[in-house]
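got a sequence here, can you model it:
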Amino acid sequence: MRNKLNPELKKDDRIVLVHMDGESLGAGIKGKVISLETVPNFTSKQATSVVVPDTAHFTAAFLDAPTTSRTNIRFSVNGKPVEPAAITSFTESNGIWTLILNTDKLGFKLISKYKVVVSSDVGIQYRVEWYDENNNIFSRLSLIPEEDAWIIDTDYDVESLQEIKIKDVDDLVKIGEFLSLFDKGEINKIYEFLELERRLGTHNMYVEGGKFILAGPDYIEDYVKLKSYDTEFNEDDEVIIDKLIERSLQMRDIFIRASIKLLENENKETSVSNIQNSMQRLSNTAKKFWMQEAHKTINKEF
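Residues are numbered from 1 along each chain as shown. Next comes the predicted model:
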């Protein structure tokens, strides 16, 4: 799992901290996972497929926690709660969770377009020993997956999966600083905006992705008008375009505020040119992060 941001962890995994929300631990500090702890949480996941008449399949990391049981998970079909008596089985195989329902007790049969959702009110956090430069333990602060960021320590990792291009501690500091400039809600809004841009499908996100994020509504309207000469936009596309235009000013405001914070952190003048340059740097970094996390928003409704 070398350089994959926020991989799932197990006891004795060695990690490098990228960012810890609201704490004094800096990026680049190394640690070891000593235990997994259950914490109150609320997470939900929609089924990736529904098979007529009684089956739904899920892929959801939070369900892998050993504490998962029928007492802390709930199901719903099209918003209607599923009673425990209507659950025949809920089992996992090769990372896929399969729900089989008793349609007689449920009162109806499933069809492929139904929205089947599983929810959990129990999450996990990672208890970690953090080491100083002399390899002495100086903290045992826990990592919270929804708020903090880490990678596997490559000195101990022997696996190789898809990598996020983190080359050295200097890059880690930049990543930690990036995450400290935005709150969780702002990060989610940025990811959603980039996902809307991807769904519009007018350009390659790897090459040109993020072109709308600082542009403002006028640019998006002009761009869409130009593209309409060789692209036929359907009703779904028009909805996406409206959302991009509606959210574009909010995106720009988010990056302006973050850029001012960045310049202040670097003791640099908050001039117009410096703010513009910082906004471009931050938007490029945002795209980089989103491309690693895009799977989280692919099927999301917003």
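
make it CA atoms for all contacts and neighbour counts henceforth
Will do.

looking at the protein, which helix is longest?
helix 235-265 (DSSP state H).

following the chain onward from that one, which element is next?
On the C-terminal side of helix 235-265, the nearest following helix or strand under DSSP states H and E is helix 272-293.

tell me what that following helix is packed against?
In terms of contacts (3 or more Cα pairs under 8 Å, 6 or more residues apart in numbering; DSSP states H and E), helix 272-293 is packed against helix 184-200, helix 235-265.

picking that back up, what is the orientation angle of the longest helix of the chain with helix 184-200?
140 degrees (axes from the mean of the first three to the mean of the last three Cα atoms, to 10 degrees).

ranges for the helices of the stretch 1-150 of the chain?
Along the stretch 1-150 of the chain, counting by DSSP state H, counting those that start in this stretch, helices occupy 103-106.

where do the strands of it begin and end?
Secondary structure of the stretch 1-150 of the chain (DSSP state E, counting those that start in this stretch): strands at 14-19, 30-46, 49-51, 55-58, 73-77, 80-81, 87-93, 96-101, 116-131, 137-139, 142-143, 149-152.

packing partners for the fifth one?
Where contact means 3+ Cα pairs under 8 Å, 6+ apart, strand 73-77 is packed against strand 116-131.

what pairs with the strand it packs on, parallel or antiparallel?
Strand 116-131 sits in its sheet next to strand 30-46 (antiparallel), strand 73-77 (antiparallel), strand 137-139 (antiparallel), strand 142-143 (antiparallel), going by DSSP bridges.

any chance of CSV for those strands, columns mean neighbour count and distance to Leu194?
CSV is the format used below for these (neighbours: other Cα atoms under 10 Å; distance: least, Cα to Cα, whole Å):
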stretch, mean neighbour count, distance to Leu194
strand 30-46, 16, 21
strand 73-77, 17, 29
strand 137-139, 12, 37
strand 142-143, 20, 27
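
so which of the ones you listed comes closest to Glu238?
strand 30-46 (25.0 Å; Cα to Cα).

what angle do that closest one and strand 14-19 make?
70 degrees.

and strand 30-46, what's its mean pLDDT?
Strand 30-46 shows a mean pLDDT of 79.

show me what contacts Lys115?
Lys115 sits next to 46-47, 77-79 when contact means Cα atoms under 8 Å, 6 or more residues apart in numbering.

and the strands of the stretch 1-150 of the chain: which comes nearest Gly209?
strand 149-152 (23.3 Å).

by contact count, what packs against the closest one?
Here strand 149-152 touches strand 14-19, going by 3+ Cα pairs under 8 Å, 6+ apart.

pairing partners for the strand it packs on, with directions?
Strand 14-19 is paired, per DSSP bridges, with strand 30-46 (antiparallel), strand 149-152 (antiparallel).

would a markdown table of those with distance to Asn284 be doable?
A markdown table is the format used below for the strands paired with strand 14-19 (distance: least, Cα to Cα, whole Å):
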| stretch | distance to Asn284 |
| --- | --- |
| strand 30-46 | 27 |
| strand 149-152 | 18 |
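
who does the closest residue to Ile144 other than its chain neighbours bridge with?
Excluding the flanking residues, the one nearest Ile144 by Cα to Cα, 6 or more residues apart in numbering is Gln125, at 5.0 Å. When bridges are called by DSSP bridges, Gln125 pairs up with Glu37.

among the strands paired with strand 116-131, which is nearest Arg252?
With Cα to Cα as the criterion, Arg252 lies closest to strand 30-46 of the strands paired with strand 116-131, at 29.4 Å.

Tyr114 against Gly79, yeah?
No - here Tyr114 lies out of contact with Gly79, judged by Cα atoms under 8 Å, at a distance of 9.8 Å.

so between those two, which is more surrounded?
Per other Cα atoms under 10 Å, whichever of Tyr114 and Gly79 has more neighbours is Tyr114, with 17 against 11.

pretty sure Leu194 contacts Ile213?
Yes - using Cα under 8 Å, Leu194 is in contact with Ile213, at 7.5 Å.

surely Ala27 is in contact with Ile15?
No - counting by Cα under 8 Å, Ala27 stays clear of Ile15, with 11.2 Å between them.
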